[in-house]
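Visitor: sharing a model prediction with you, sequence too.
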Amino acid sequence: MSFERAYNAFNISNSTDLAIGFTSSTVAVLLFGTNFVPVKKYDTGDGMFFQWILCASIWIVSLVVNLIQNCPRFWPLAMVGGFLWATGLALGLLIWASFNLLTGWASSRFGWFGIDPEEVARPVLNYIGAGLSLLSAVIFFFIKTEVQTSSASLESTPLLRESSVNASEDTSDVSWVTNLSPVKKRFVGCSLAVVAGVLYGSSFVPVLYIKDHGRRNGTIYARASQFDLDYVFAHFSGIFLTSTIYFLIYCAVRKNKPNVYPQAILPGFVSGLLWAVANCCWFIANHYLSAVVSFPIITAGPGLIAAMWGVLVFKEIKGLKNYVLLSVAFCIILAGSLSTAFSKV
């Protein structure tokens, strides 16, 4: 009888974990797909000032979370994840998303970078889910967007194409990229997007490494917290510190004449709040589902949400072909998410 009670308690606990994990994943998808809407109508220039405001807002959220968690031990290694994220900020969407998904999923599934491989009940379904999520990112590349180009409009970049910021050209400066041939521009863009995707996909590795080694005696991380949210402050501190260093370097390169856009401060701050809450939900999803399940869902879903903003609010996506592609992408994301979800149970 005691065995039956223990079995029932385990099932209830497991069901609760799954509910929390998938709810957190859903919130993360919605917020990641929405977090750049507040700055949609504001010029953010070359993005360097905007990204610093964004990261400052992110750090403030982490400070609140740290206080709520009663200031758990600060592990400097977790800051490396923030460094990787901030370094990969603002590079090409399709290739970035693909390599982000692949790096994050594969590092967790196969135990890269010194972390323990994560097992799932149905590996085949997990592989199918990751593959379908990757395919959905490819389909989004073929959806065409239409944006106003008149000087009266500040909407210079469609949400679906953005990886992190609205980047408009500064006609007063000539970038070195401008002088490159189209082939070289594509090569540079693809190379940077691959690097960004790998950096983004690796951003959770330091936290997973600390947790894995925290379960082993004789390591400096012995008895480290197994709750992912306890590492948010260190992770986000790495983001803000790296962002600040890059912004100072940018100011120095521009001889203390950075492009500053005051009208983007409050929208950028709100954007950072949305991103930070979304990423906190991702940490929670990693804890209750494992990264090998959460990564395919949370990296594929925001593209669909951003596309829906483009269709319903900004009217950027029009035409039967685009609607068909969007519908196909939705079905593939749904199938991939369900496959990934059922691989866990």
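Guide: Arrived safely.
Visitor: where does pLDDT dip in this structure?
Guide: Along the chain, the parts satisfying pLDDT under 70 run over 1-13, 88-107, 113, 137, 140-180, 182-190, 192-193, 314-317, 341, 344-345.
Visitor: which parts of it are helices?
Guide: Remark: helices assigned in the chain by DSSP state H are 2-32, 48-68, 78-87, 93-110, 123-141, 182-201, 205-214, 232-253, 265-289, 291-312, 320-342.
Visitor: of all those, which one is nearest Ser225?
Guide: Nearest of the helices of the chain to Ser225, taken as Cβ to Cβ: helix 205-214 at 7.1 Å. The C-beta positions use only the backbone N, C-alpha and C, and glycine is treated the same way.
Visitor: what sits up against that closest one?
Guide: Outside helix 205-214, the residues that touch it by Cβ atoms under 8 Å, 6 or more residues apart in numbering are 75, 77-81, 107-108, 112-116, 219-226, 228, 231, 235, 283, 286, 291.
Visitor: dump the residue contacts of His287.
Guide: Gly21, Gln226, Phe227, Asp228, Leu229.
Visitor: isn't the second one right up against Tyr288?
Guide: Meaning Gln226. No - applying Cβ atoms under 8 Å, one finds Gln226 not in contact with Tyr288, separated by 11.6 Å.
Visitor: more neighbours: those two, which one.
Guide: Tyr288 (21 against 12; other Cβ atoms under 10 Å).
Visitor: can you count the residues close to Thr87?
Guide: Neighbours of Thr87 under the rule other Cβ under 10 Å: 17.
Visitor: now do the contacts for it.
Guide: By Cβ under 8 Å, 6+ apart, the residues touching Thr87 are Leu199, Thr242, Tyr246.
Visitor: at 10 Å instead, please
Guide: By Cβ atoms under 10 Å, 6 or more residues apart in numbering, the residues touching Thr87 are Val195, Ala196, Leu199, Tyr200, Ser203, Ile239, Thr242, Ser243, Tyr246.
Visitor: out of the residues you listed, which are buried?
Guide: Among the contacts of Thr87, the ones that count as buried by 16 or more other Cβ atoms under 10 Å are Val195, Ala196, Leu199, Tyr200, Ser203, Ile239, Thr242, Ser243, Tyr246.
Visitor: tell me the one of those residues nearest Val29?
Guide: Distance to Val29, by Cβ to Cβ, is smallest for Tyr200 among those, at 15.7 Å.
Visitor: ok so, going back, which one of the contacts of His287 is nearest to Ser181?
Guide: For these, the nearest to Ser181 is Asp228 (45.1 Å; Cβ to Cβ).
Visitor: surely that closest one meets Trp282?
Guide: Yes - with contact defined as Cβ atoms under 10 Å, Asp228 reaches Trp282; the gap is 8.7 Å.
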